[in-house]
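Chemist: one predicted model, sequence on top.
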2 protein chains.
Amino acid sequence: MTSPAERDPERSVSQTVRAQLALRDLILSGGLRSGERISELQAVDITGVSRTPVRMALVRLEEEGLLEAIPSGGFMVKGFSERDIVDSIELRGTLEGLAARFAAERGVSARDLEPLKEALAELDQLVRQDAISVEAFSAYVTLNARFHAVLTELSRSAPLIRQIDRASALPFASPSGFVMAQSALPESHQILVIAQEHHRVVVDAIENREGSRAEAVMREHARLAVRNLRLALRMRTKLDLMPALALIRAPSAD
Amino acid sequence: MTSPAERDPERSVSQTVRAQLALRDLILSGGLRSGERISELQAVDITGVSRTPVRMALVRLEEEGLLEAIPSGGFMVKGFSERDIVDSIELRGTLEGLAARFAAERGVSARDLEPLKEALAELDQLVRQDAISVEAFSAYVTLNARFHAVLTELSRSAPLIRQIDRASALPFASPSGFVMAQSALPESHQILVIAQEHHRVVVDAIENREGSRAEAVMREHARLAVRNLRLALRMRTKLDLMPALALIRAPSAD
DNA sequence: CTCTCCATTTCTGTATACATACTGACCACA
DNA sequence: TGTGGTCAGTATGTATACAGAAATGGAGAG
């Protein structure tokens, strides 16, 4: 089931991918500060591959949104304001809302809906527990990602799927972006219950071909992530659960 | 919205940009058919630059959505179904709707709204004419693009602006994508009048901070492009006005 | 002491050579 | 005659050399 490329991440993967992963990890872990210029030579030293694949990796990371091209050439690490992140989440929610509406309006056969309902049921089992362990949270993150991916696919719209993938590429904008941070919050279980209610409603809406309802609930669903973000920012001690928060720069005082 | 690098295609631009423009033109003009593999060597022959910038250009065109990566390596020209295009337009409309809502809800100062009103007034002058020449249509396209660009900027959301730019990169998804095709239609003037009404309403909604209204009208506005597309497809004789239609492949379910 | 200009140095953009993986055809053998 | 394997041609992935542009630092003049 695992592709050859996935089996041996260290050796048989292209140098470009290796460089991309190494640089992404470094950026997300805060190894480079926002606004800092990252030279190709420096990246060569970090990754150990030559300039050509490094260049490729830098271009891909720009496309991903983690880097910004400097007009005179080269790249710098992108910084994000809190509002940038909130907007990215709202954006992702809007796109997922569109996907849900497409699915509902165009109709989804019972068999195609099955995988979504399965993910829903598995999530139910996790949420039903009173106290949730960190491992269970981790499982939740995986399942939640699957639910969102399956839902996106149900739109059956290649352009939309593509755009949602791009919008979710930024770690703090992805559907599972702040779930782990949430695990440290006292309200965590309530939030999970609400999120799961959203999941249930969107499935129901799609099944009954209620496009507007499906769209609205997915938008609202994304806003839970905003709430998580705000809570996480107010208890930065658990910052290690959400390394990407290093990319957030202080609100610009202009 | 055009990057500085694209502004001067003939002189002193980087080889990468030159290759990108040449290849894009070739694809859009139908010089390469959908699904056709485009090898780097072939692209070198076409563009006259060496492999490195050609490779760069291919990656950028993939990002743009005109090319598709082949798993075993290399790129092929992407094909689009009619529904892909309709979805891309709906997608763009949804994003522009979000931009309009952001502008309305967050408020726009009178001075910041001025450029939008200016574009609106200039469009009015064009639309007021009874019969519209081809030159006037061309001017309309430019002005319309400016109106949409300014409106997008009013969202003041970098992530959203970025995503709208990417969604509008495909020529048939851009706000001005089918306006030229429309010039060959008997209903052309009516459509222009309706489009301009949309423009007027969205400005009014933003001014009065009516977010939902602004969003809804921008969505509906995009659907005019869908109507234009359908009309254009039904009179393919004027296909030279809309070269990108060469990318549309026949419906798969025929 | 500060500002400006020039030289040095480093960086990116480009070209090209080399290695490896893939594709396709042709031949041999069952 | 069909199938499978091998070999050649070709494509992409990678490394590196070179040129031009940009940034940086110092020195000199005001």
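Modeler: Structure's in. What do you need? Residues are numbered from 1 along each chain as shown, chains lettered A, B, ... in the order given.
Chemist: just the helices in chain A please.
Modeler: Assigned by DSSP state H, chain A shows helices spanning A:4-7, A:15-28, A:40-47, A:51-64, A:82-106, A:110-128, A:134-154, A:158-167, A:179-182, A:188-207, A:211-233.
Chemist: redo the ones you listed as TSV? Include distance to residue B:105 and mean neighbour count.
Modeler: C-betas here are computed from N, CA, C, even on glycine. Shown next, in TSV, are those (distance: least, C-beta to C-beta, whole Å; neighbours: other C-beta atoms under 10 Å in any protein chain shown):
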stretch	distance to residue B:105	mean neighbour count
helix A:4-7	44	10
helix A:15-28	31	18
helix A:40-47	41	16
helix A:51-64	29	19
helix A:82-106	11	24
helix A:110-128	32	15
helix A:134-154	26	18
helix A:158-167	20	20
helix A:179-182	26	24
helix A:188-207	22	19
helix A:211-233	14	20
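Chemist: adding distance to DNA strand C and mean pLDDT, write these out as JSON lines.
Modeler: What follows is the helices of chain A, written out as JSON lines (distance: least, C-beta to the nearest atom of the strand, whole Å; pLDDT from 0 to 100):
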{"stretch": "helix A:4-7", "distance to DNA strand C": "8", "mean pLDDT": "34"}
{"stretch": "helix A:15-28", "distance to DNA strand C": "11", "mean pLDDT": "93"}
{"stretch": "helix A:40-47", "distance to DNA strand C": "3", "mean pLDDT": "93"}
{"stretch": "helix A:51-64", "distance to DNA strand C": "6", "mean pLDDT": "95"}
{"stretch": "helix A:82-106", "distance to DNA strand C": "24", "mean pLDDT": "97"}
{"stretch": "helix A:110-128", "distance to DNA strand C": "30", "mean pLDDT": "95"}
{"stretch": "helix A:134-154", "distance to DNA strand C": "26", "mean pLDDT": "93"}
{"stretch": "helix A:158-167", "distance to DNA strand C": "22", "mean pLDDT": "97"}
{"stretch": "helix A:179-182", "distance to DNA strand C": "33", "mean pLDDT": "75"}
{"stretch": "helix A:188-207", "distance to DNA strand C": "38", "mean pLDDT": "94"}
{"stretch": "helix A:211-233", "distance to DNA strand C": "32", "mean pLDDT": "93"}
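Chemist: may I see those organised as CSV, with distance to residue B:224 added?
Modeler: Output for the helices of chain A, formatted as CSV (distance: least, C-beta to C-beta, whole Å):
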stretch, distance to residue B:224
helix A:4-7, 45
helix A:15-28, 40
helix A:40-47, 46
helix A:51-64, 31
helix A:82-106, 18
helix A:110-128, 32
helix A:134-154, 27
helix A:158-167, 19
helix A:179-182, 40
helix A:188-207, 28
helix A:211-233, 20
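Chemist: dump stretch A:217-233 to PDB, keeping only the CA atoms.
Modeler: The C-alpha coordinates for stretch A:217-233 follow below in PDB (Å, rounded to 0.1, in the frame of the first residue of the first chain):
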ATOM      1  CA  VAL A 217     -22.400  25.000   8.800                       C
ATOM      2  CA  MET A 218     -19.000  24.400   7.200                       C
ATOM      3  CA  ARG A 219     -18.300  28.100   7.500                       C
ATOM      4  CA  GLU A 220     -19.200  28.100  11.100                       C
ATOM      5  CA  HIS A 221     -17.200  25.000  11.700                       C
ATOM      6  CA  ALA A 222     -14.100  26.700  10.500                       C
ATOM      7  CA  ARG A 223     -14.700  29.400  13.000                       C
ATOM      8  CA  LEU A 224     -14.100  27.000  15.800                       C
ATOM      9  CA  ALA A 225     -10.500  27.000  14.700                       C
ATOM     10  CA  VAL A 226     -10.400  30.700  15.100                       C
ATOM     11  CA  ARG A 227     -11.700  30.300  18.700                       C
ATOM     12  CA  ASN A 228      -9.000  27.700  19.300                       C
ATOM     13  CA  LEU A 229      -6.400  30.000  17.900                       C
ATOM     14  CA  ARG A 230      -7.400  32.800  20.200                       C
ATOM     15  CA  LEU A 231      -7.400  30.500  23.200                       C
ATOM     16  CA  ALA A 232      -4.000  29.100  22.300                       C
ATOM     17  CA  LEU A 233      -2.500  32.500  21.900                       C
END
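Chemist: ok, and what's touching it?
Modeler: The contact list for stretch A:217-233 (C-beta atoms under 8 Å, 6 or more residues apart in numbering or on different chains) reads A:82, A:85-86, A:89-90, A:92-94, A:96-97, A:99-100, A:151, A:172, A:175, A:177-179, A:181-182, A:184-185, A:187, A:191, A:194-195, A:198-199, A:201-202, A:205, A:238, A:242, A:245, A:248.
Chemist: mind doing that once more with 7 Å?
Modeler: A:85-86, A:89-90, A:92-94, A:96-97, A:100, A:177-178, A:181-182, A:185, A:191, A:194-195, A:198, A:201-202, A:205, A:242 (C-beta atoms under 7 Å, 6 or more residues apart in numbering or on different chains).
Chemist: next one: stretch A:15-27
Modeler: Contact partners of stretch A:15-27, identified using C-beta under 7 Å, 6+ apart, comprise A:32, A:43, A:46-47, A:49, A:53-54, A:56-57, A:60-61, A:66, A:77.
Chemist: contact residues of the stretch 151-254 of chain A facing chain B?
Modeler: Within reach of chain B by C-beta under 7 Å from any C-beta of the partner chain, the stretch 151-254 of chain A has these residues: A:157-160, A:163, A:167.
Chemist: test my guess that residue A:169 contacts residue A:66.
Modeler: No. Residue A:169 is beyond contact range of residue A:66, at 8.5 Å (criterion: C-beta atoms under 7 Å).
Chemist: which of the two has more neighbours?
Modeler: residue A:66 (23 against 14; other C-beta atoms under 10 Å in any protein chain shown).
Chemist: quick one: the more buried one and residue A:78, what's the gap?
Modeler: Computed as C-beta to C-beta, to the nearest Å, the residue A:66 to residue A:78 distance reads 6 Å.
Chemist: thank you kindly, that will do.
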